[in-house]
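Q: Sequence first, predicted model second:
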Amino acid sequence: MSPPAALLERPEPVTEAAEGPLPGPGRRILIVALNYAPELVGCAKYTTELAEDLLARGHAVEVVAGPPYYPAWEVSAGHSGARWSREVVNGIPVHRTPLYVPRQPTGVRRVAHLASFGLAAAPAAVAVARRFRPDLVFAVAPTLTAAGAALAAARVSGAARWLHIQDFEVDAAFDLGLLRNRRVRGAALGLERRVLSRFDRVSSISPAMVERLAAKGVVPGRAVEFRNWVDVDAVRVLPDSHTAYRRELGLPADRVVALYSGNMAGKQGLEALAEVAARLRAADAPVSLLLCGDGPARAALETACAGIDSVRFLPLQPLARLEELLGTADIHLLPQRPEAADLVLPSKLTGMLASGRPVVAMAEPGSGLAREVEGCGLAVPATGPAMAEAVLALAADPARRAALGAAGRARAETRWKKAAVIGGFEAEMAAVAGGRR
């Protein structure tokens, strides 16, 4: 469970010459984030798109990240978890760090995994910051251990400091039962509070999560909403769900397809999908479940669904087929354990809404997820029977599916549009980093 010995070494020296002033209003941004391309799901998708969009807008961007490993929990071929390296991904220098990646990510091993990135990212971020002289150091949590590396890099370069919270990992670790010791929780929350207080901006992805920042002591004016987004031009509404996926999987035209696509891990509450499948089979409903993704919970889900002919599994699909995959669905499934309410807002929701198909989400009334889904789908209690009943109701009502899906698309275009969301970030960055160049 120990991090690799390479974490005790120093990163290879950065040899590029310091760059001169940027033309026009462009700024320099150093991003410190555990997950980055070529990973396709979760935080990596948004961090990568942010970096590439900022580059296209005339800013200079460099990234300190771990090697790609998620959601398979195995370092990808061509990368190493035992050394520092540098590569250029779509025009952006990416400085890879050593990383401990456990095959079985239990609670304690996850802590070691996250800590290993913090330890390895700090010297790399400082080395890059000394040369690159960023105006803004932007850290992404998870993992919160990236915050220490970001603060150190900002200190040596005089940059503004921004921490972006995709999920509240400390709360989630204990509320989901990954860690249980009360004293450890108190110490971790105290450390989190101190870390948050040291950033010029702390953002999160929904109004409910921004409210939680205030409860954690982030003062007004420093807590901002920076929601995830969807490229509405890249995910169009397909006229019907009769795609190549249906033909490849042999799904009849008269079957309603209910799709789950994304990471398969503990906080998703995926065990409910097996119960949904069993209840749909018992009802002899003309519904097929398409379960697409990878992760530590997939094997158990496959075992639970064994023998149910209406369930099909696919591995995580390439980004080039995302629009077609989302359009294959007649209904999107969004399971989530109730303990995760307002600790995370599933990033997969953006694509679901943009696809113009209704969502059935496990979300308690009044939660952030329930508010986002309202009018675009059905929010149900976090149980298999409740989700199955909602799927049955929508499967029998094509007109209602169409109306909810159209509302979801409209919401994606107004509330989740990529250009507008990143434009807002760019304006806030100018405010916080102004005068530091």
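A: Arrived safely. The shown structure was predicted, so the numbers you read here are calculated from the model rather than taken from an experiment. Residues are numbered from 1 along each chain as shown.
Q: tally of neighbours for Leu326?
A: 26 (other C-beta atoms under 10 Å). Glycine gets a C-beta too; all of them are placed from N, C-alpha and C.
Q: in which helix or strand would I find it?
A: Using DSSP states H and E, Leu326 falls within helix 322-328.
Q: Same question for Arg312.
A: strand 311-314.
Q: low pLDDT regions in this protein?
A: Applying pLDDT under 70 to the chain flags the ranges 1-25, 176-179, 266-267, 340-342, 435-437.
Q: picking that back up, just list what the helix holding Leu326 packs against, helices and strands only.
A: On a contact count with 3 or more C-beta pairs under 8 Å, 6 or more residues apart in numbering; DSSP states H and E, helix 322-328 meets helix 244-249, strand 256-261, helix 349-354.
Q: okay, those, which one's buried deepest?
A: Comparing the helices and strands packed on helix 322-328 by mean neighbour count (mean count of other C-beta atoms under 10 Å), helix 349-354 comes out on top with a mean of 28.
Q: That one: how far from the chain's middle?
A: Its chain's C-alpha centre and that of helix 349-354 lie 13 Å apart, by C-alpha atoms, centre = their mean, to the nearest Å.
Q: Check stretch 227-239 too.
A: Taking C-alpha atoms, centre = their mean, one finds the center of stretch 227-239 at 16 Å from the center of the full chain.
Q: Then stretch 136-156?
A: Per C-alpha atoms, centre = their mean, the centroid offset for stretch 136-156 relative to its chain is 18 Å.
Q: what about it, start to end distance?
A: 12 Å (C-alpha to C-alpha, to the nearest Å).
Q: For it, buried residues please.
A: By 16 or more other C-beta atoms under 10 Å, the buried positions in stretch 136-156 come out as 136-154.
Q: starting at the chain centroid, how far to the helix or strand where Glu413 lies?
A: Using DSSP H and E, Glu413 sits in helix 398-415. In this view, helix 398-415 has its centroid 23 Å away from the chain centroid, taken as C-alpha atoms, centre = their mean.
Q: Could you check how far Asp294 is from Gly262?
A: Using C-beta to C-beta, to the nearest Å, we find Asp294 at a distance of 9 Å from Gly262.
Q: What of Ala379?
A: The value you get for Ala379 to Gly262, if C-beta to C-beta is used, is 18 Å.
Q: More neighbours: which of these two?
A: The neighbour comparison of Ala379 against Gly262 (other C-beta under 10 Å) goes to Gly262, with 27 against 23.
Q: How about Lys45, nearest residue that isn't a chain neighbour?
A: Nearest in space to Lys45, with sequence neighbours left out and distances taken as C-beta to C-beta, 6 or more residues apart in numbering, is Ser347 at 6.8 Å.
Q: Would you confirm that Arg171 contacts Leu343?
A: One thing to correct before we go on: residue 171 is Asp, not Arg. Yes: taking C-beta atoms under 8 Å as the definition, Asp171 is a contact partner of Leu343 at 5.1 Å.
Q: more crowded one of these two?
A: Leu343 (23 against 20).
Q: Mind checking which of the buried residues of stretch 136-156 land in helices?
A: Ala146, Ala147, Gly148, Ala149, Ala150, Leu151, Ala152, Ala153, Ala154 (DSSP state H).
Q: Quick one: list the elements packing against the strand holding Arg312.
A: Counting by 3+ C-beta pairs under 8 Å, 6+ apart, strand 311-314 packs on strand 287-292.
Q: what's in contact with stretch 96-104?
A: For stretch 96-104, contacts defined as C-beta atoms under 8 Å, 6 or more residues apart in numbering pick out 1-4, 6-7, 11, 34, 64-67, 69, 73-75, 79-87, 109-110, 112-113, 116-117, 120-121, 124, 296.
Q: One more: stretch 153-165?
A: Applying C-beta under 8 Å, 6+ apart, the contact partners of stretch 153-165 are 30, 32, 125-126, 128-130, 132-141, 147, 150-151, 195-196, 198-205, 209, 213, 226, 429, 432-433, 436.
Q: Kindly recompute the last result at 6 Å.
A: For stretch 153-165, the external contacting residues (C-beta atoms under 6 Å, 6 or more residues apart in numbering) are 125-126, 129-130, 133-141, 147, 199-204, 432-433, 436.
Q: Could you tell me which of the residues you listed belong to strands?
A: Those of the contacts of stretch 153-165 mapping onto strands are Leu136, Val137, Phe138, Ala139, Val140, Ala141, Arg201, Val202, Ser203, Ser204, per DSSP state E.
Q: Now for the third one: which residues touch it?
A: This points to Phe138. Per C-beta under 6 Å, 6+ apart, neighbours of Phe138: Ile29, Ile31, Trp162.
Q: got it, and the second one?
A: With contact taken as C-beta under 6 Å, 6+ apart, Val137 is in contact with Leu30, Ala150, Ala153, Ala154, Ala159, Arg161.
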